[in-house]
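Colleague: Okay, sequence plus prediction incoming.
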Amino acid sequence: MSIESPFKSNILDNQVALVTGGSSGIGLEICRQLGKHGCSVAMMGRRAEILTLAEKMLTDEGIRALSVQGDVRKPEDCIRAIKSTVEKFGGLNCLINGAAGNFLCAAENLSPNGFKTVLDIDTQGTFNMCRSAFSELRKSSNANIINITATFHYAAMWYQLHVCTAKAAIDALTRSLALEWGEYGIRVNGIAPGPIADTAGFSKLGGSLMDTDSSNNPLLETIPLKRIGTKWDIAMSVLYLCSSAGQNITGTILVNDGGNWLHKPQILDRETVQSFSRSIEKKSRQEGIATKSKL
């Protein structure tokens with residue numbers, strides 16, 4: 001189903017973005033929406049064949065696209081991706097760090113190498129890209145970095161110790177860079193998606209076991225807005241932060257999850273709490289009247 005964008009199609013004219021992890025999932029939709037709103041887009045990823053397919057898909061839609069194979073864990077690959085982007089499109093306005101690693105593993109079974117691998121891709125990779133892009137971004141009059149994280153670490157998540165640790169570190173990195181690089185005119189923000197349908201992460205964490213179109217989906221009970229997010233939702237948040245509408249926003253983590261992170265199991269249902277509260281209020285009023293009558 002195609003949803004009409006609330007933004008003008010030219011809001012990102014003459015801008016250039018580099019998206020890591022941009023050849024699939026949320027990253028690819030971010031690239032699509034950036035491109036459909038006038039931005040030139042470079043995608044960086046490890047899988048050459050997937051990158052080639054993604055680049056063709058975008059160019060077929062009339063989007064100025066470039067794919068660069070590389071690993072964010074390697075500083076030399078990050079530098080090369082920045083250089084290729086600038087050579088192709090003439091500059092860089094926005095860096096979107098979406099590359100991530102994930103697998104499910106109980107803490108007691110998580111190897112030191114497994115733990116390190118996720119931190120290397122997510123946290124070290126984000127730092128590597130930011131540092132590599134700094135000199136080009138500071139040349140731009142509308143420079144920003146957007147780090148895609150998650151909400152797992154706001155509380156905890158089964159079998160995601162490594163991921164929670166990595167994402168918490170990225171949030172800290174985001175705020176620190178926003179403080180330090182603000183004087184160079186570089187905004188640094190994060191976007192934390194919640195449950196997003198039709199993504200690998202959603203499937204790995206049990207989303208594929210549920211009927212996302214059913215009103216009886218138990219996941220909806222944990223989401224105040226009663227809807228599961230889409231890749232388009234996240235892309236729209238990116239457009240907002242990349243556009244002039246976000247020119248005064250930095251150091252912020254924008255949570256896009258329908259309120260899911262606010263949820264906790266309720267001991268009593270809403271009606272019971274409401275009924276009890278009213279009975280207490282009624283009793284208080286009656287006692288207040290009785291006290292006044294004695295006076």
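Modeller: Nice, I can see it.
Colleague: Where does pLDDT dip in the stretch 151-295 of the chain?
Modeller: Applying pLDDT under 70 to the stretch 151-295 of the chain flags the ranges 204-215, 266, 268, 273, 276, 287-295.
Colleague: hey, where'd the strands end up in it?
Modeller: Taking DSSP state E, counting those that start in this stretch to define them, one finds strands in the stretch 151-295 of the chain at 186-193, 253-256.
Colleague: In this structure, what residue spans correspond to helices?
Modeller: 25-36, 48-60, 75-89, 112-119, 125-137, 161-181, 200-204, 231-242, 270-294 (DSSP state H).
Colleague: Now for Ile148: which residues touch it?
Modeller: Residues near Ile148 by C-beta atoms under 8 Å, 6 or more residues apart in numbering: Gly21, Ile26, Gly27, Ile96, Asn97, Gly98, Ala100, Gly190, Ile191, Pro193, Ile234. Placement of C-beta: from N, CA and C, glycine included.
Colleague: So which of these is the closest to Glu281?
Modeller: Glu281 lies nearest to Pro193 out of those, by C-beta to C-beta, at 40.3 Å.
Colleague: ok, now which ones touch the closest one?
Modeller: Pro193 makes contacts with Ile26, Ile148, Ala150, Thr151, Gly229, Asp233, Ile234, Asn256, Asp257, as judged by C-beta under 8 Å, 6+ apart.
Colleague: could you dump those residues to TSV with distance to Trp181?
Modeller: TSV is the format used below for these (distance: C-beta to C-beta, whole Å):
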residue	distance to Trp181
Ile26	24
Ile148	18
Ala150	23
Thr151	25
Gly229	29
Asp233	27
Ile234	23
Asn256	23
Asp257	27
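Colleague: Could you pick out the buried ones from these?
Modeller: In the contacts of Pro193, burial by neighbour count holds for Ile26, Ile148, Ala150, Thr151, Gly229, Asp233, Ile234, Asn256, Asp257, counting by 16 or more other C-beta atoms under 10 Å.
Colleague: Kind regards, and thank you for your time.
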